[in-house]
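Student: quick check, what structure comes out for this input:
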Amino acid sequence: MDRISWASLRTRLTAFASIIGWHRRHIRDAVILTGIVTAAFAIFDLGDLFLKIADLAKDYEEWGADDVLVMSFVLSIALTIFCYRRTQDLVAEVKGAPCCRTGSPAACAT
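Tutor: Residues are numbered from 1 along each chain as shown. Presented below is the predicted three-dimensional model:
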């Protein structure tokens with residue numbers, strides 16, 4: 001790739017990245033977790049751990065059980081982290097609500 005096209009590609013990627021709302025925590029978490037899940041899939045696929053799980057699911061190979069096992073495990077961990085972070089956001093938002101700050105039920109009616 002020559003220098004001109006590399007600069008053009010970098011400019012386009014930077015412009016695309018600026019469209020995404022990186023300041024929003026849930027967007028940032030979703031992108032990071034997607035990267036982690038993709039990396040985990042590559043590690044499972046290329047590493048020894050995947051082969052051990054594939055040997056375990058060899059009897060059900062026609063069902064694609066080895067891929068389902070690996071991805072369900074990784075996805076469950078990713079979703080647990082995502083839910084934990086969203087719960088933290090919800091707690092912070094509730095603590096900042098007017099009725100929580102004043103202690104008055106009338107403040108929550110608005």
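Student: hang on, L33 packs against C83?
Tutor: No: taking contacts as C-beta atoms under 8 Å, L33 lies outside contact range of C83: 10.9 Å. Where you see a C-beta, it was placed from the backbone N, CA and C, and this is true even at glycine.
Student: which residue of the two possesses the greater neighbour count?
Tutor: With neighbours defined as other C-beta atoms under 10 Å, L33 and C83 compare such that L33 has more, 18 against 10.
Student: the nearest residue to that one once chain neighbours are set aside and D89: what is the separation?
Tutor: The shortest distance from L33 to any residue other than its chain neighbours is 4.6 Å, reached at A78 (C-beta to C-beta, 6 or more residues apart in numbering). To D89, A78 is 17 Å away according to C-beta to C-beta, to the nearest Å.
Student: just V68 next, same as before
Tutor: For V68, the distance to D89 under the criterion C-beta to C-beta works out to 31 Å.
Student: could you list the low-confidence segments of this structure?
Tutor: Where the chain drops to pLDDT under 70, the residues are 1-7, 50, 53-54, 59, 64-66, 97-110.
Student: switch to 80 and redo it
Tutor: Applying pLDDT under 80 to the chain flags the ranges 1-10, 13-23, 43-70, 96-110.
Student: nearest residue to the middle of it?
Tutor: Of all residues in the chain, the one closest to the mean position by C-alpha atoms, centre = their mean is L33, 2.5 Å from it.
Student: that residue is in what secondary structure piece?
Tutor: Of the helices and strands defined by DSSP states H and E, L33 is found in helix 25-46.
Student: that helix packs against which elements?
Tutor: For helix 25-46, the packing partners by 3 or more C-beta pairs under 8 Å, 6 or more residues apart in numbering; DSSP states H and E come out as helix 48-56, helix 65-95.
Student: so which bits of it are buried?
Tutor: Along helix 25-46, these residues count as buried under the neighbour rule (16 or more other C-beta atoms under 10 Å): D29, L33, V37, A40, F41, F44.
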